[in-house]
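Peer 1: sequence plus the predicted model coming up.
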Amino acid sequence: MKVKSNIAVSDNGFVFNPGSGESYTVNPVGLEMLNLLRKGHSHSEIIAAIQANYVADAAMIERDLLDFLEMMRQYRLMQHDDE
Amino acid sequence: MNKPTLTIGVTGLNAIDSPGPGVAVIRGLKEAASFDCRIIGLSYESLEPGIYMHEIVDKTYQIPYPSTGTDVLLSRLEYIHEKEKLDVIIPNFDAELYSFIKLEQRLRGMGIHTFLPTLAQFEERHKVNLNDFGAKYNIHVPRSKAIYNVNEAQALEKEYEWPLVVKGKYYDATLAYNFDQTKAAFNKISAKWGLPIIIQEFVHGTEYNVTGLGDGFGNTVAAVPMRKQYITDKGKAWGGISIADKQALELTNHFLQSTRWRGGFELELMKDKKGDYYLLEINPRMPAWIYLAVGVGQNIPEALTRLAMGWPTEPYTHYEVGKMFVRYAWDMIVDLHEFEQISTNGEL
């Protein structure tokens, strides 16, 4: 799955879904993950990028990334790769 | 280029917690690019706030309640027309539309233009007929039944799951989670709006609304979908946002093409968890949040007026997504003599 292409994300972490009218805010780490996801980076690339900027082990970052993706899916901010 | 000036009568000047669309419609008319206008307010009660908004309403006349019949209304409109030379009337209440539709030709004969659904369209989309409407036009609607006696609701318990939506024939809707609540809602709403009461199956999901304008030939002149962000205890939008929803727009186009709807409208839609849309209600006039459509680039009151005048009107094809409206309450200070004038003379 990938982040929906029409999702708008501002520099300060405000996320807007124009299809549903829903809006959310993400913290700086979430924003970094979201931007990397939107650029099409793989999970391992995202984990490496976050690890380069924050003091945290890879397992913890991976768990946070998977939680974040699940939350994005629940909020209908993700779409199938072929959509 | 000199713009024509139109004199337009507008109803629905009550801007209370369940506001009429009149003030929002007038704001759209005042911002019209293709004409200037003089606004004649048409009110039912002395405390409708629009009466006292002199910066947007030039003069107000009280008109009789729909229950007094079309002859009384026509006589009052003749008097107002004699003084004001009305070009267009835009009625904004469901309950008065029947009278104005009935009077359409006679008003036209006097030189007053309207742009209203036909009587058949108006009746067909009525809440009471929603099931047949859905079947005829292949549109998902929740199951519903019009009842005249509260005990009829008891029989529906077997068919529908709780909660049920209890709806008045013109306005008001409430959720009922058991028979006692159904009974209370039936009595409360029928006392205000009469019978029948509509019992509707509750669809779980997210509510969306679309306002728009049909030209009467099946074409979409305007359509703007909105999601309510903040609602009052009456379920009215106090804040909302324009959204890009292809499905809602496709459903709107289908509605307009298949019914050849003429006039402004609001579709109340529910999107269930599977992403399917259900049409809950068709309001046969512009909604109170119509100014959002103006704000995102589709001046529906202007386009409706142009169609009423028989002027060529280009359909709107774009609107800004992600624009919000946030409603507010504003206390106006009004001199007693103004209240006295509208109360005693029926004019201000």
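Peer 2: On my side now, so go ahead. Residues are numbered from 1 along each chain as shown, chains lettered A, B, ... in the order given.
Peer 1: helices or strands next to the longest strand along chain B in the packing?
Peer 2: What stands out as the longest strand in chain B, according to DSSP state E, is strand B:220-231. Applying 3 or more C-beta pairs under 8 Å, 6 or more residues apart in numbering or on different chains; DSSP states H and E, one finds that strand B:220-231 makes contact with strand B:206-215, strand B:237-242, helix B:246-259, helix B:290-295, helix B:300-309. Placement of C-beta: from N, CA and C, glycine included.
Peer 1: now do the buried residues in the longest one.
Peer 2: Neighbour counts over helix B:246-259 (16 or more other C-beta atoms under 10 Å in any protein chain shown) mark B:248-249, B:251-253, B:255-256, B:259 as buried.
Peer 1: residues in contact with the closest residue to chain B within chain A?
Peer 2: Here chain A gets closest to chain B at one residue, residue A:21, 3.3 Å apart by C-beta to the nearest C-beta. Contact criterion C-beta atoms under 8 Å, 6 or more residues apart in numbering or on different chains gives B:226-227, B:229, B:240-243 as the residues in contact with residue A:21.
Peer 1: in space, what's closest to it - neighbours in sequence excluded?
Peer 2: In space, not counting the residues next to it along the chain, residue A:21 is nearest to residue B:227; the distance is 3.3 Å by C-beta to C-beta, 6 or more residues apart in numbering or on different chains.
Peer 1: ok, now residue B:62?
Peer 2: The shortest distance from residue B:62 to any residue other than its chain neighbours is 4.0 Å, reached at residue B:346 (C-beta to C-beta, 6+ apart).
Peer 1: picking that back up, show me which of the buried residues of helix B:246-259 is closest to chain A.
Peer 2: If you rank the buried residues of helix B:246-259 by distance to chain A using C-beta to the nearest C-beta, residue B:248 comes first, at 9.5 Å.
Peer 1: which of the helices or strands spans the residue nearest the centre of chain A?
Peer 2: With distances taken as C-alpha atoms, centre = their mean, the residue of chain A nearest its centroid is residue A:34 (2.8 Å). Counting by DSSP states H and E, the element that carries residue A:34 is helix A:28-38.
Peer 1: output the contacting helices and strands for the next helix or strand after that helix.
Peer 2: Toward the C-terminal end, the helix or strand that comes next after helix A:28-38 (DSSP H and E) is helix A:43-53. Using 3+ C-beta pairs under 8 Å, 6+ apart as the contact criterion, the secondary-structure elements in contact with helix A:43-53 are helix A:28-38, helix A:58-74.
Peer 1: give the buried residues for helix A:43-53.
Peer 2: Neighbour counts using 16+ other C-beta under 10 Å place A:46-47, A:49-50 of helix A:43-53 among the buried residues.
Peer 1: about what we covered before: can you report how many residues lie near the residue nearest to residue B:62?
Peer 2: Residue B:346 sits with 17 neighbouring residues when counted by other C-beta atoms under 10 Å in any protein chain shown.
Peer 1: surely it touches residue B:61?
Peer 2: Yes. In this structure, residue B:346 sits in contact with residue B:61. The criterion is C-beta atoms under 8 Å, and the distance is 6.4 Å.
Peer 1: looking at the helix or strand that residue B:158 is a member of now, give me its mean pLDDT.
Peer 2: Using DSSP H and E, residue B:158 sits within helix B:151-159. pLDDT averaged over helix B:151-159 equals 79, rounded to a whole number.
Peer 1: what is the subsequent helix or strand relative to that helix?
Peer 2: Downstream of helix B:151-159, the first helix or strand assigned by DSSP H and E is strand B:164-167.
Peer 1: which strands border that following strand, and is each parallel or antiparallel?
Peer 2: Looking at strand B:164-167 with DSSP bridges, its partner strands are strand B:173-176 (antiparallel), strand B:197-201 (antiparallel).
Peer 1: which bits of chain A sit near chain B?
Peer 2: Near chain B, the residues belonging to chain A are A:6, A:8, A:16, A:18-22 when assessed by C-beta under 8 Å from any C-beta of the partner chain.
Peer 1: shaky segments in the stretch 101-250 of chain B?
Peer 2: Low-confidence segments of the stretch 101-250 of chain B, defined by pLDDT under 70, are absent; every residue clears the threshold.
Peer 1: residues from it in reach of chain A?
Peer 2: Among all residues of the stretch 101-250 of chain B, those adjacent to chain A (criterion: C-beta under 8 Å from any C-beta) are B:206, B:226-227, B:229, B:240-245.
Peer 1: looking at these, which is nearest chain A?
Peer 2: Relative to chain A, and with distances defined as C-beta to the nearest C-beta, the nearest of those is residue B:227, at 3.3 Å.
Peer 1: burial of that closest one, as a residue count?
Peer 2: Close neighbours of residue B:227, defined as other C-beta under 10 Å, add up to 22.
Peer 1: tell me how far it lies from residue B:38.
Peer 2: Distance from residue B:227 to residue B:38, counting by C-beta to C-beta, to the nearest Å: 35 Å.
Peer 1: next one: residue B:123
Peer 2: 33 Å.
Peer 1: the more surrounded of these two?
Peer 2: When neighbours are counted by other C-beta under 10 Å, residue B:123 and residue B:38 differ, and residue B:38 comes out ahead with 17 against 14.
Peer 1: what's the first helix or strand after the helix or strand containing that one?
Peer 2: Applying DSSP H and E as the criterion places residue B:38 in strand B:36-43. As assigned by DSSP H and E, the chain's next helix or strand after strand B:36-43 is strand B:59-62.
Peer 1: re the thing from before, ok, and for the helix holding residue B:158, which residues are buried?
Peer 2: Residues B:153, B:156 are the ones in helix B:151-159 that count as buried (16+ other C-beta under 10 Å).
Peer 1: likewise for stretch B:212-227?
Peer 2: Counting neighbours by 16+ other C-beta under 10 Å, one finds that the buried residues in stretch B:212-227 are B:212-216, B:220-227.
Peer 1: next: stretch B:89-96.
Peer 2: Result for stretch B:89-96 [16+ other C-beta under 10 Å]: buried residues B:89-94, B:96.
Peer 1: can you redo those as JSON lines with distance to residue B:8, secondary structure and pLDDT?
Peer 2: Written out in JSON lines, the entries for the buried residues of stretch B:89-96 read as follows (distance: C-beta to C-beta, whole Å; DSSP: H, G, I helix; E, B strand; the rest coil; pLDDT from 0 to 100):
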{"residue": "B:89", "distance to residue B:8": "7", "secondary structure": "strand", "pLDDT": "98"}
{"residue": "B:90", "distance to residue B:8": "6", "secondary structure": "strand", "pLDDT": "98"}
{"residue": "B:91", "distance to residue B:8": "11", "secondary structure": "coil", "pLDDT": "97"}
{"residue": "B:92", "distance to residue B:8": "12", "secondary structure": "coil", "pLDDT": "96"}
{"residue": "B:93", "distance to residue B:8": "16", "secondary structure": "coil", "pLDDT": "92"}
{"residue": "B:94", "distance to residue B:8": "20", "secondary structure": "helix", "pLDDT": "90"}
{"residue": "B:96", "distance to residue B:8": "16", "secondary structure": "helix", "pLDDT": "94"}
